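S.K.: Quick check, what structure comes out for this input:
(chains A and B)
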Number of protein chains: 2
Amino acid sequence: MMTAQETPVAALGDILGKGHEIFIKRDDLLPFSFGGNKVRIAEAFVRDMKARGDDAMIFYGDRCSNLCRVLANICAIEEIPAIMIAAKAHGRADLEPFNSRLIRQFGVPVLDCESGGIAEAVDEAFARLRAMGRRPYYIYGNRLGTGNEAVAARAYAEAYRGIAAWEEAHGMTFDLIAVPYGTGATLSGLICGALEAGTPRPIVGLSISSRTYERAYGLLREGIAGYLREHGRDFDEAAESMIRLETRFNKGGYGLYDEEVEAMIAFMMTRTGIPMDPTYTAKAFLGLKHYLEEEGRSFKNVLFIHTGGTPLYFDYLTESGR
Amino acid sequence: MMTAQETPVAALGDILGKGHEIFIKRDDLLPFSFGGNKVRIAEAFVRDMKARGDDAMIFYGDRCSNLCRVLANICAIEEIPAIMIAAKAHGRADLEPFNSRLIRQFGVPVLDCESGGIAEAVDEAFARLRAMGRRPYYIYGNRLGTGNEAVAARAYAEAYRGIAAWEEAHGMTFDLIAVPYGTGATLSGLICGALEAGTPRPIVGLSISSRTYERAYGLLREGIAGYLREHGRDFDEAAESMIRLETRFNKGGYGLYDEEVEAMIAFMMTRTGIPMDPTYTAKAFLGLKHYLEEEGRSFKNVLFIHTGGTPLYFDYLTESGR
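M.R.: Next comes the predicted model:
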């Protein structure tokens, strides 16, 4: 298996045409299983599983989940018994997403569940793996999916140090770091990394789902506080002041997109050779554009973390016929 | 536009189960337009076009050409007028390859031609671009497609120096370097790089098409001689002795594959998280396995160059329904 590593940073100049220098950190090129932020996060989960002495893996996500693809791939390589709990699908029913095909190929059994039935499905997955004599690990903690937020955050607290090292090596500073906000693991990790390094600075999460600002804020606060607690720190004013969330540009909810998102996908591929998908990266990058127009005029150097999703890019090409 | 850079080298241990340490250079992760060897090669063509004072681009390939995708993307970014000449398609007629969709999205007009009519199509493309007041550049040289072999070879002569630097940094030497053999640009480039560096060593091309050994040998010899001539050297015995071509494992010809290739694709994705496509990389990697069994038992450390083709991997998943 790979270990998380540095990824290239693309300098795109004023690609958004608004007077900002835009940089993209290509975490989509992490050299394992089509890359993405979920490679770093999946590795953090697997390390945590082993540290706890567990030996089987339960994960949850929808049919086009990047995290589930990466975890299933690691489990196939390391021969870790695993069960995926799959949320009800969104998207076209007649097209199986590439991530779903890959998860099947990796040989991980899938338990379908309705959105209200996750806890029961987690119970069932635990029971099945225990019946095999295994000690299962659920990536999100307990059956209600809480208690493990700090583990996922570790990955991007580490990645933050890589970003800081890049800045030092290139003699420059990013005035803003921007990242898609979905589960919150990447955003809270970056914030914790900045707090640990003693360099608080603007880091914004661009929401790609319909989670309200209040709910997102609460979850993020919890995740950051959990991480800090584990590292012997309090959630103080410095931490509080670092939470920046932009929920206005979510295009109606998870998996939904419009012509403006589609135009961004075509623009970025054609003008920079960088693929973005409609669910996460293109929606968030478009959100960044609007955020900069409305609140970020003063930021000169802006770093966007490309969190991956190459299979979703090809799903989009297939769906759209482009 | 990107400039060619170093890519990660994955250490896969004895992944082929034959007692060799296998390493894969991930040129599929070159950070532009889905990467691949054709990123380095396309950049060499564009540099050559500019050095000659030309300002329009003509390229030739089939509908799933990686090279044409990358060139079309560069031309879109740099606003270079371009025409693609497309060979008759292979593969399923009802599925448009992802590379073809991308080339359309990049706005490059396509001239279809039969395999006997390439020279006429090149003439027509020249005429069209000249009528726009442009000085067109055909990547393969004259209307018969010869005269430009040395340009493409430059890219991997440079990349060879990167490989040698990696070896030095890691205190080890590859006993064999292996690469898919299609147009010959990558193989001849690596050979010329080794000759220039004064470190002749085994570098083998695994053929992915039905070109005969004699024809392949002749083309390769021409390409290497052309490059050496440009760099003030003769094609001598040292150069002659470096040509290693394996044409036995081509599975019947370009674009053809069988269950053994399919098994290799699934094996590599599942056991290493590295995607390979049936037309180039998986076929050549399987060829490498057979080559090592038959002629390479003495090689300990073996480097395979992953020459990219991510869109072809997704074409394959679509075609095969896997």
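S.K.: Can you give me the end-to-end span of stretch A:236-244?
M.R.: By CA to CA, to the nearest Å, the extent of stretch A:236-244 from end to end equals 15 Å.
S.K.: what does it contact?
M.R.: A:191, A:194-195, A:200, A:202-205, A:217, A:220-221, A:224-225, A:228 (CB atoms under 8 Å, 6 or more residues apart in numbering or on different chains). Every C-beta, even on glycine, is put in place using the N, C-alpha and C of the backbone.
S.K.: Are any of the residues you listed buried, and if so which?
M.R.: A:191, A:194-195, A:202-205, A:220-221, A:224-225, A:228 (16 or more other CB atoms under 10 Å in any protein chain shown).
S.K.: Which ones among these map onto helices?
M.R.: Within these, residues falling in helices by DSSP state H are A:191, A:194-195, A:220-221, A:224-225, A:228.
S.K.: give the contact list for the closest residue to residue A:257 other than its chain neighbours.
M.R.: Spatial nearest neighbour of residue A:257, excluding adjacent residues (CB to CB, 6 or more residues apart in numbering or on different chains): residue A:278 at 3.9 Å. Applying CB under 8 Å, 6+ apart, we find residue A:278 in contact with A:257, A:261-262, A:265, A:312, A:316.
S.K.: Would you confirm that residue A:193 contacts residue A:154?
M.R.: No. Counting by CB atoms under 8 Å, residue A:193 stays clear of residue A:154, with 9.3 Å between them.
S.K.: neighbours around residue A:260, how many?
M.R.: Counted with other CB atoms under 10 Å in any protein chain shown, residues neighbouring residue A:260 total 14.
S.K.: Not counting sequence-adjacent ones, nearest residue to it?
M.R.: Closest to residue A:260 by CB to CB, 6+ apart is residue A:286, at 6.2 Å.
S.K.: thought the one you found was touching residue A:264?
M.R.: Yes. If you go by CB under 8 Å, residue A:286 and residue A:264 touch, sitting 4.7 Å apart.
S.K.: more neighbours, those two?
M.R.: Per other CB under 10 Å, whichever of residue A:286 and residue A:264 has more neighbours is residue A:286, with 26 against 22.
S.K.: Name the helix or strand for the more buried one, please.
M.R.: helix A:281-295 (DSSP states H and E).
S.K.: Likewise for residue A:186?
M.R.: helix A:185-197.
S.K.: Identify the residues contacting residue A:309.
M.R.: Counting by CB under 8 Å, 6+ apart, residue A:309 has contacts A:28, A:36, A:66, A:276-277, A:279-281.
S.K.: Could you dump these into JSON lines with distance to residue B:250 added?
M.R.: Formatted as JSON lines, the contacts of residue A:309 follow (distance: CB to CB, whole Å):
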{"residue": "A:28", "distance to residue B:250": "33"}
{"residue": "A:36", "distance to residue B:250": "34"}
{"residue": "A:66", "distance to residue B:250": "35"}
{"residue": "A:276", "distance to residue B:250": "37"}
{"residue": "A:277", "distance to residue B:250": "35"}
{"residue": "A:279", "distance to residue B:250": "40"}
{"residue": "A:280", "distance to residue B:250": "40"}
{"residue": "A:281", "distance to residue B:250": "38"}
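S.K.: Specify which member of those is nearest to residue A:253.
M.R.: Using CB to CB, residue A:279 is the member of the contacts of residue A:309 that lies nearest residue A:253, at 10.4 Å.
S.K.: Verify the contact between the closest one and residue A:251 for me.
M.R.: No. Under the criterion of CB under 8 Å, residue A:279 makes no contact with residue A:251, lying 9.9 Å away.
S.K.: neighbour count winner among those two?
M.R.: Ranked by neighbour count (other CB under 10 Å), residue A:279 and residue A:251 place residue A:279 first, with 28 against 20.
S.K.: From residue A:86, how far out is the more buried one?
M.R.: As judged by CB to CB, to the nearest Å, residue A:279 and residue A:86 stand 16 Å apart.
S.K.: One more: residue A:289?
M.R.: For residue A:289, the distance to residue A:86 - CB to CB - is 33 Å.
S.K.: Stretch A:47-67 and chain B, are they touching?
M.R.: No. Using CB under 8 Å from any CB of the partner chain, stretch A:47-67 stays clear of chain B, coming no nearer than 12.7 Å.
S.K.: Distance from the chain centre to that stretch, please.
M.R.: 15 Å (CA atoms, centre = their mean, to the nearest Å).
S.K.: Can you give me the buried ones in that stretch?
M.R.: Going by 16+ other CB under 10 Å, stretch A:47-67 has these buried residues: A:48-49, A:54-67.
S.K.: One more: stretch A:218-237?
M.R.: For stretch A:218-237, using 16+ other CB under 10 Å, the buried residues are A:219-228, A:233, A:235.
S.K.: Would you format those as TSV with pLDDT and distance to chain B included?
M.R.: Rendered in TSV, the data for those read as follows (pLDDT from 0 to 100; distance: CB to the nearest CB, whole Å):
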residue	pLDDT	distance to chain B
A:219	91	30
A:220	93	30
A:221	94	34
A:222	90	32
A:223	91	27
A:224	95	30
A:225	94	34
A:226	92	29
A:227	94	27
A:228	95	33
A:233	93	34
A:235	94	36
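S.K.: Just the closest of those residues to residue B:297, please.
M.R.: Closest to residue B:297, out of all of the buried residues of stretch A:218-237 and judged by CB to CB, is residue A:227, at 51.7 Å.
S.K.: can you tell me how far residue A:245 sits from residue A:284?
M.R.: For residue A:245 relative to residue A:284 (CB to CB), the value is 12 Å.
S.K.: One more: residue A:69?
M.R.: Taking CB to CB, one finds residue A:69 at 19 Å from residue A:284.
S.K.: which other residues reach stretch A:160-174?
M.R.: Contacts of stretch A:160-174 (CB under 8 Å, 6+ apart): A:6, A:9, A:23, A:25, A:177, A:189-190, A:192-194, A:196-197, A:199, A:201, A:301-303.
S.K.: still on that earlier bit, now, the buried residues of stretch A:47-67 that are in strands?
M.R.: Using DSSP state E, the members of the buried residues of stretch A:47-67 that fall in strands are A:56-61.
S.K.: quick one: the strands in chain A?
M.R.: A:9-11, A:21-25, A:56-61, A:82-86, A:110-112, A:136-138, A:176-181, A:203-207, A:244-246, A:301-305.
S.K.: Which of those sits closest to residue B:132?
M.R.: Of the strands of chain A, the one closest to residue B:132 (CB to CB) turns out to be strand A:9-11, at 31.5 Å.
S.K.: which helices and strands sit right next to that closest one?
M.R.: With contacts taken as 3 or more CB pairs under 8 Å, 6 or more residues apart in numbering or on different chains; DSSP states H and E, strand A:9-11 sits against strand A:21-25.
S.K.: Now find how far off-centre the strand it packs on is within its chain.
M.R.: The answer for strand A:21-25 is 18 Å, by CA atoms, centre = their mean.
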